[in-house]
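**Student:** Predicted coordinates and the sequence they were generated for:
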Amino acid sequence: MKSHKKNLLQIFAFLVCGAIIFLIFYYGKSGHFFGLEQISENAKFDTLCSELFVSELSSDSLSLHFTLREPSLYGITGSEITLPVYSRESERTSAVSAENAKKRLKKIRRDSLAEELRYSYDVLEYYLENTLKGCRFSYLDEPFSAFSGVQTEFPLLLSEYAFDSKKDVENYLKILECSGSYLKGLMEYEQEKSRAGLFMSDKEAAKVISWCDDFTKSTENHILITTFEKKLDTLLAEGEISSSEKNYYISQNDRLLTTILFPAYQSLGDCLTVLKGTGKEQAGLCHDKNGKKYYEYLVKTKVGTDKSIPEIKALLTDKLQEDFLLLHSTVAALPSGAYESFQDPLEALSPVEILEDIKKQMDSRFPFKPDESYSYTVKDVDASLEAYTSPAYYFTPPLDAISQNVIYINHSTTSQGIDLYTTLAHEGFPGHLYQSVAFHACSEKEKLPPLRNLLYFGGYIEGYATYAEMLSYQYATRCGKNLSDDSSLETIYQAVSLDRSIQLCLYSLLDIMIHYEGMSAEEIAPYLHNLGITDNETIDAIYFYIAAEPANYLKYYLGYMEILECRELAKASWGDSYSDAKFHQLLLELGPSPFPLIKEAILDSVQNGSYFLLLKNSARVVKVFSSTCFSGSSSCFTIWSIISS
């Protein structure tokens, strides 16, 4: 009897095992058995993103330092200290790598990914496709842009290189050792540009040469000496290094500056001096071979828009006319002499007081309440860099040290009062700093791929900061009214905001006229006359800047207009459930992205202001299995580029 019962149990167990094997085989083939296919596709996507992340940072020790404080936590160990050195072969290798990454991405079944990863898949696909399109335009990129090129940003990054330990100091010195090869590679690129007939204009070359001369002519109180010694003093006070080690590091820094970095900058100046005269005239991109196509690519890539250039021009033209009419009626409402006699009460506020005031006022319209992660330091731009840097900029912190936020103010170009107030809104709250830390919190919670933080979408980043800046005029008005009883204050601030909008809009239009339509300085002059700009020297300076920085103003202003479009789309889609807080939450959760994808996400979210919350509600069952069977990416934070202005 017992033997018979035992046989029955064995037969039953055999049948159960057979049924399980059949189910695994049958449903596994179709990808529906307990989300096994999803687990597999998630793993493939995570592996691809991790490999791209590690590869990108391992080849650039400077970027690695500004991106991660503890690289080993992200799978980067024992990396050799190096800087990316340009060569034609390295360019071809980069193109092949991007193509291979795209092929690997295409093999991953997007619809089988976990819902919260599909958006990141789309963002990466968009980014890789645009990267490959850029490979078609040889020598049209300019690393030594007269206003924001390597020659100014490289020393700025070196001066901000943080020393948390003795190892950081040693790595910094090794980076200085690599600086000569790094700049030499870029000089070779400029020589190749010259041979291709695409070297920069004489005026641009002269400005870069002047910078090189200024940077190396005097070592007394040099920024790379004073900042280095100041950081060593901190390490000494903390007991991280001894006095003898400090003196040794100072001698090594002096040696490397005088034997490698300064001579490299002198060689750069000499190289550009030799090449000067071999390039093009100061003019828009459309005058170069394939320049018009390159400009179309540049606008799409920098802004992240799917609009054509004619569509953009029409949009900007309408906005310009609308703001002109509104400004005219606003100014007409001011009593005679009100503007001339106006004393701006915001001039009494310090940068910290301004940022704290904005933090208090933005609560109801923004979803994330600033905590200790949103801490910040405000610094002045070094006097030696004032002539070459933006009015202000935000230094993005490392992904694993997100509270180390730094805002720099260039007091030579940023005045106190409403100008400083709105500039700090752009750089701090609710602008770059707030956006950076908020996306960090969201991406950490959702375990998004850390690679997302390396994919730069300037239209989202600078467009959002411009959007925050424009909102801040309302905060400034409320703050000003608490400090002054001037009845004209609100009207004057509104006029200033319209003037700012008109300026950015017009400069964006001029960008198109110069680079897409080929207009000269003389041809754009009438448009500037309408703004009251009639001085020829000023007109030439505006033309020079826009010609040297193609699509830069569009990144700010068209990005801003795209965000306004997104907001209107959300209002129309969500109906009565719309609120600014919900819209801002979705925008911040999605993070830096192209605008066509953001608009799709708004439509997908229906009436829910939280994109990831919606996805969880629609995919709760599969997430149970993927969270236990698949180890996703480590927590990640946001960094769009090291410097955002």
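**Tutor:** Received the coordinates, thanks.

**Student:** ends of stretch 421-432, how far apart?
**Tutor:** One end of stretch 421-432 to the other measures 14 Å (C-alpha to C-alpha, to the nearest Å).

**Student:** ok, and for it, which residues are buried?
**Tutor:** 421-432 (16 or more other C-beta atoms under 10 Å). The way it works is simple: take the backbone N, C-alpha and C, and place the C-beta from them, glycine included.

**Student:** Mark which of those are part of helices, please.
**Tutor:** 421-427, 432 (DSSP state H).

**Student:** from those residues, which single one is nearest A333?
**Tutor:** T422 (21.3 Å; C-beta to C-beta).

**Student:** closest to Y393 among the buried residues of stretch 421-432?
**Tutor:** E427 (6.7 Å).

**Student:** Surely the closest one and Y394 touch.
**Tutor:** Yes: using C-beta atoms under 8 Å as the test, E427 is close enough to Y394 to be in contact (4.5 Å).

**Student:** Now render the buried residues of stretch 421-432 as TSV, adding distance to E281 and pLDDT.
**Tutor:** Converted to TSV, these look like this (distance: C-beta to C-beta, whole Å; pLDDT from 0 to 100):
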residue	distance to E281	pLDDT
Y421	41	97
T422	37	97
T423	34	96
L424	39	97
A425	39	97
H426	34	97
E427	36	97
G428	40	97
F429	44	96
P430	43	97
G431	37	97
H432	36	97
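
**Student:** In JSON lines: the residues you listed, plus distance to I533.
**Tutor:** Shown next, in JSON lines, are the buried residues of stretch 421-432 (distance: C-beta to C-beta, whole Å):
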{"residue": "Y421", "distance to I533": "24"}
{"residue": "T422", "distance to I533": "21"}
{"residue": "T423", "distance to I533": "21"}
{"residue": "L424", "distance to I533": "26"}
{"residue": "A425", "distance to I533": "26"}
{"residue": "H426", "distance to I533": "23"}
{"residue": "E427", "distance to I533": "26"}
{"residue": "G428", "distance to I533": "30"}
{"residue": "F429", "distance to I533": "32"}
{"residue": "P430", "distance to I533": "31"}
{"residue": "G431", "distance to I533": "27"}
{"residue": "H432", "distance to I533": "29"}
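
**Student:** Identify, from those residues, the entry nearest to L64.
**Tutor:** Among the buried residues of stretch 421-432, and counting by C-beta to C-beta, the member closest to L64 is H432, at 21.5 Å.

**Student:** which SS state does the nearest residue to that closest one once chain neighbours are set aside fall under?
**Tutor:** Distances taken as C-beta to C-beta, 6 or more residues apart in numbering put Y394 closest to H432, at 4.1 Å, once the chain neighbours are dropped. Classification of Y394 using DSSP: H, G, I helix; E, B strand; the rest coil returns strand.

**Student:** For Y394, list each beta-bridge partner.
**Tutor:** I407, S644 (DSSP bridges).

**Student:** tell me the contacts of it?
**Tutor:** 405-408, 427-428, 431-433, 436, 643-645 (C-beta atoms under 8 Å, 6 or more residues apart in numbering).

**Student:** That one and L587, how far apart?
**Tutor:** 18 Å (C-beta to C-beta, to the nearest Å).

**Student:** What of D499?
**Tutor:** D499 is 26 Å from L587, by C-beta to C-beta.

**Student:** Of the two, which one has the most company?
**Tutor:** Taking other C-beta atoms under 10 Å, D499 and L587 do not tie; L587 has more neighbours (26 against 15).

**Student:** correct me, but that one touches L564?
**Tutor:** No: using C-beta under 8 Å, L587 is not in contact with L564, being 11.6 Å away.

**Student:** So what touches stretch 67-86?
**Tutor:** In this structure, residues lying in contact with stretch 67-86 by C-beta under 8 Å, 6+ apart are 50, 53-54, 57-62, 64, 90, 164, 171, 174-175, 177-179, 181-182, 184-186, 188-189, 398-401, 450, 453-454, 634, 639.

**Student:** now swap in stretch 297-312 and tell me
**Tutor:** 126, 130, 133-134, 137, 285, 295-296, 315, 457-460, 463, 512, 516, 550-552, 554-555, 558-559, 562, 593-596.

**Student:** Would you map the strands across this structure?
**Tutor:** 376-380, 392-395, 405-409, 643-644 (DSSP state E).

**Student:** can you list those strands in JSON lines and add distance to K307 and mean pLDDT?
**Tutor:** Listed next are those as JSON lines, based on distance: least, C-beta to C-beta, whole Å; pLDDT from 0 to 100:
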{"stretch": "strand 376-380", "distance to K307": "35", "mean pLDDT": "93"}
{"stretch": "strand 392-395", "distance to K307": "27", "mean pLDDT": "90"}
{"stretch": "strand 405-409", "distance to K307": "32", "mean pLDDT": "94"}
{"stretch": "strand 643-644", "distance to K307": "23", "mean pLDDT": "67"}
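
**Student:** for those strands, which one ends up most surrounded?
**Tutor:** Greatest average neighbour count among the strands of the chain goes to strand 392-395 (a mean of 23), per mean count of other C-beta atoms under 10 Å.

**Student:** from the middle of its chain, how far away would that strand be?
**Tutor:** Chain-centre distance of strand 392-395: 11 Å, with C-alpha atoms, centre = their mean, to the nearest Å.

**Student:** Stretch 371-378 now?
**Tutor:** 19 Å.

**Student:** Take it, keep the C-alpha atoms, and write them as CSV.
**Tutor:** C-alpha atoms of stretch 371-378 as CSV (Å, rounded to 0.1, in the frame of the first residue of the first chain):
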residue,chain,number,x,y,z
ASP,A,371,16.2,70.1,2.2
GLU,A,372,19.9,69.7,3.1
SER,A,373,20.5,68.2,-0.4
TYR,A,374,19.8,71.6,-1.8
SER,A,375,22.5,73.3,0.2
TYR,A,376,24.7,75.7,-1.8
THR,A,377,27.7,78.1,-1.7
VAL,A,378,27.8,81.4,-3.6
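
**Student:** quick revisit: any chance of the strands of the chain in TSV with distance to K302 as columns?
**Tutor:** As requested, the strands of the chain are arranged in TSV below (distance: least, C-beta to C-beta, whole Å):
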stretch	distance to K302
strand 376-380	27
strand 392-395	17
strand 405-409	22
strand 643-644	13
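
**Student:** which one of those lies closest to V96?
**Tutor:** Ranking the strands of the chain by proximity to V96 (C-beta to C-beta) places strand 643-644 first, at 29.3 Å.
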